[in-house]
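J.: this is a predicted model, with the sequence first.
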Amino acid sequence: MRVHTRRVTAGGLLGRLPAPTGALAWVRDGSGLVGWGEAARVEVSGPDRFAAADAWWRDFTASLDVEDELGVPGSGPVAFVSMAFADRPGRSVLVVPEVVVGRRGGETWLTTVGESEPHPVQPVTRPSTVRYADGELSVTAYREAVRAAVARMRAGELGKVVLAHDLLAVADAPIDHRFVLQGLARRYPECWVYAVDGLVGATPELLLRRSGQVVDSRVLAGTTWPHDGMSDDELEAALLSSGKNREEHEYAVASLADTLRPFCATMSVEGPSVLRLPNVSHLSSDVIGTLNDSPSLLRLGEALHPTAAVGGTPRADAIAVIEELEGMDRGRYAGPVGWIDGNGDGELGIALRCAQVEGSTARLFAGCGLVAESDPDSEVREAHAKMLPFREALEGM
Ligand SMILES: C=C(O[C@H]1C=CC=C(C(=O)O)[C@@H]1O)C(=O)O
């Protein structure tokens, strides 16, 4: 199959997506990648899903006839990736678009894969009404699950666990993924706005980016949101001095850094500082490293997932508590999402602040990191605040 990348004149990315569904995107503040059409796709599952996806991608790219004028990360063959959170059940997806448009550092490129059919551009539509209903885990059941998890941490069974719940949004017409993506991009330029196989969202958290030998990650955990008339500066100061939030954050940083360190010749951690978003603020740390070998981004993602930003500490105990107390299938929420290229480079975020969109229904997810000091009512409010980006984008606010 022939793959051809060439420079094109600059222009927006999300505005190029031709159809209401099937959008592929990974865009932050106007830069990134969008794609459409499917030249190839693979679905994998189980504990070996990363290895299976990696092997498939290596075989697929080895068979390609590539002409790439740029030779930068994201030019040449690209697959959009969305991995299931859990080993089972779960369906992970890699999609190779027929057409990719990429943009970084003032350069814009277009890649075609195989014989691409023309994709007529359809107008973007918005729903006129949206109704909400409980998902698999209602808000009240979530509060009880949080209470039970906190009791276990107070009894010393584990240090941290992240519990999530879901919410159904039902629109009066099939949801146009581009409408949601554009709304998210407008309000959350600091986030990576993404869409892969119907999972649509805007994540502030980068699991790992690999550009040659350099890797970096943005770890988030510990959250506040506007309340009690506090100013942004007061909220920030309270977050930085909160023992409970710092503990949550330290677990998340340690889980990422301790796993990444053996792959690196050098590694440094900076933080925490505060990342301010319109709906919430997070404690945020940046981890930067130089690899001592050349593992692909997918194999690195396999080692790192799930960090304690979405799982917990110890990891295996936290996964068992999540399975027992959430009792729902997270699907691809909280799994790695992003893109990889033919050199094993790419970007994997953590699929947060998202929904699985099917027809006129969206299943929204949000979770909260819990430690022994957590208060169930506050965690319910925090999860609500984390669902606002998707809700507002869907409602056109
Ligand atoms: C699990 C989520 O957020 C994670 C990322 C940032 C802060 C978090 C927290 O403070 O609980 C969570 O660990 C989610 O948005 O669903």
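T.: It's in.

J.: where does the residue sitting nearest the centre point of the chain fall, phi/psi-wise?
T.: The geometric centre of the chain, computed from its C-alpha atoms, lies nearest to Ala351 (Cα atoms, centre = their mean), at 2.3 Å. Main-chain dihedrals, Ala351, degrees, to the nearest 10: phi -70, psi 90.

J.: quick check: it vs the ligand, distance?
T.: From Ala351 over to the ligand the distance is 9 Å, taken as Cβ to the nearest ligand atom, to the nearest Å. Using the backbone N, CA and C atoms, a C-beta is placed for each residue, glycine as well.

J.: now do the strands in the stretch 151-300 of the chain.
T.: Listed in chain order, the strands of the stretch 151-300 of the chain (DSSP state E, counting those that start in this stretch) span 160-171, 192-196, 199-203, 206-211, 214-224, 264-276, 281-291.

J.: quick one: average confidence on the fifth one?
T.: Here strand 214-224 scores 98 as its mean pLDDT.

J.: starting at the chain centroid, how far to that strand?
T.: 12 Å (Cα atoms, centre = their mean, to the nearest Å).

J.: low-confidence bits of the chain, can you list those?
T.: Scanning the chain for pLDDT under 70 picks out nothing.

J.: what does it put close to the ligand?
T.: Within the chain, the positions near the ligand by Cβ under 6 Å from any ligand atom are 162, 164, 205, 220-223, 248, 282, 309-310, 352-353, 366-369, 386.

J.: who does whatever residue of the stretch 51-200 of the chain ends up closest to the ligand form a beta bridge with?
T.: Across the stretch 51-200 of the chain, no residue is closer to the ligand than Val162, which sits at 5.2 Å (Cβ to the nearest ligand atom). Counting by DSSP bridges, Val162 is bridged to Gly369.

J.: so which of the strands of the stretch 151-300 of the chain is the most surrounded?
T.: The highest mean neighbour count among the strands of the stretch 151-300 of the chain, using mean count of other Cβ atoms under 10 Å, belongs to strand 192-196: a mean of 29.

J.: so Val162 makes contact with Arg315?
T.: No. Using Cβ atoms under 8 Å, Val162 is not in contact with Arg315; the gap is 11.0 Å.

J.: which neighbours do the two have in common?
T.: The contact sets of Val162 and Arg315 overlap at Ala308 (Cβ atoms under 8 Å, 6 or more residues apart in numbering).

J.: quick one on the thing from earlier: so who does the residue of the stretch 51-200 of the chain closest to the ligand touch?
T.: For Val162, the contact set (Cβ under 8 Å, 6+ apart) comprises 308-312, 318, 322, 334, 367-370.

J.: just checking, which of those belong to strands?
T.: The strands, defined by DSSP state E, take in 312, 367-370 from these.

J.: now the two most distant members of the residues you listed.
T.: The most widely separated members of the ones in strands among the contacts of Val162 are Gly312 and Cys368, with 11.3 Å between them, by Cβ to Cβ.

J.: so for the two, which residue has more residues nearby?
T.: Applying other Cβ atoms under 10 Å to Gly312 and Cys368 shows that Gly312 carries more neighbours, namely 31 against 24.

J.: not counting its neighbours along the chain, what's nearest that one?
T.: Distance criterion Cβ to Cβ, 6 or more residues apart in numbering; nearest residue to Gly312, sequence neighbours excluded, is Ala318 at 2.5 Å.

J.: repeat that for Ser374.
T.: Val150 (5.3 Å).

J.: how close does that neighbour sit to Gly159?
T.: The gap separating Val150 from Gly159 is 12 Å, by Cβ to Cβ, to the nearest Å.

J.: equivalent analysis for Asp286, please.
T.: From Asp286 across to Gly159, the span is 23 Å (Cβ to Cβ).

J.: over to Ser273?
T.: Per Cβ to Cβ, Ser273 is found 23 Å from Gly159.

J.: repeat for Val196
T.: Counting by Cβ to Cβ, the separation of Val196 from Gly159 is 32 Å.

J.: try Leu364
T.: Shown here: Leu364 relative to Gly159, a distance of 28 Å by Cβ to Cβ.

J.: and what of Trp339?
T.: Taking Cβ to Cβ as the criterion, Trp339 is separated from Gly159 by 33 Å.

J.: which among the ones in strands among the contacts of Val162 gets closest to Leu239?
T.: Minimum distance to Leu239 across the ones in strands among the contacts of Val162 is 13.2 Å, recorded for Gly369 (Cβ to Cβ).

J.: how far away from the center of its chain is stretch 237-256?
T.: Centre-to-centre, stretch 237-256 and its host chain are 20 Å apart (Cα atoms, centre = their mean).

J.: residues contacting Pro376?
T.: Neighbouring residues of Pro376 by Cβ under 8 Å, 6+ apart: 143-144, 146-147, 150.

J.: among those residues, who's most crowded?
T.: Val146 (24 neighbours).

J.: check contacts around Arg154.
T.: Contacts of Arg154 (Cβ under 8 Å, 6+ apart): Ala372.

J.: that one and Ala148: what is the separation?
T.: Remark: distance between Arg154 and Ala148 (Cβ to Cβ) = 11 Å.

J.: pretty sure Gly271 contacts Ile288?
T.: No. In this structure, Gly271 is not within contact of Ile288 by Cβ under 8 Å, at 11.2 Å.

J.: alright, calling it a day.
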